[in-house]
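Structure of the sequence below:
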Amino acid sequence: MPIYEYHCEACGEVFDKFVRSISSPLQVECPRCHSARCKKNISLFCAVASGSAGRGDASCAPSGG
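Residues are numbered from 1 along each chain as shown. Next up, the predicted model:
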């Protein structure tokens with residue numbers, strides 16, 4: 001289940017939303033003010049090569065859209 005981060009343009013709240021299926025229509029509502037004026041944030045993911053923990057061999061890249 002993907003988790004997306006959103007930003008409410010009405011009140012500035014930043015929140016996460018679980019998505020059951022990528023193909024299902026998504027109705028996003030701010031949990032604070034209940035506005036539908038929410039934009040998906042671009043977030044980062046990070047992967048660490050096997051056996052490289054603590055050596056700084058991490059690769060981070062933007063995800064989302």
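
Sketch out the low-pLDDT regions of this protein for me.
Along the chain, segments meeting pLDDT under 70 span 1, 21-25, 43-49, 51-65.

Tell me where it has strands.
For the chain, the strands defined by DSSP state E occupy 3-8, 14-18, 38-40, 43-48, 58-63.

In this structure residue 38 contacts residue 28, no?
Yes: using C-beta atoms under 8 Å, residue 38 makes contact with residue 28 at a distance of 4.4 Å. Every residue, glycine included, has its C-beta placed from N, CA and C.

Quick check: neighbours shared by the two?
Common contacts of residue 38 and residue 28, defined by C-beta atoms under 8 Å, 6 or more residues apart in numbering, comprise residue 6.

Neighbour count for those two, which is higher?
The residue with more neighbours, out of residue 38 and residue 28, is residue 38; 21 against 16, by other C-beta atoms under 10 Å.

Now do the contacts for the more buried one.
6, 7, 8, 9, 28, 29, 30.
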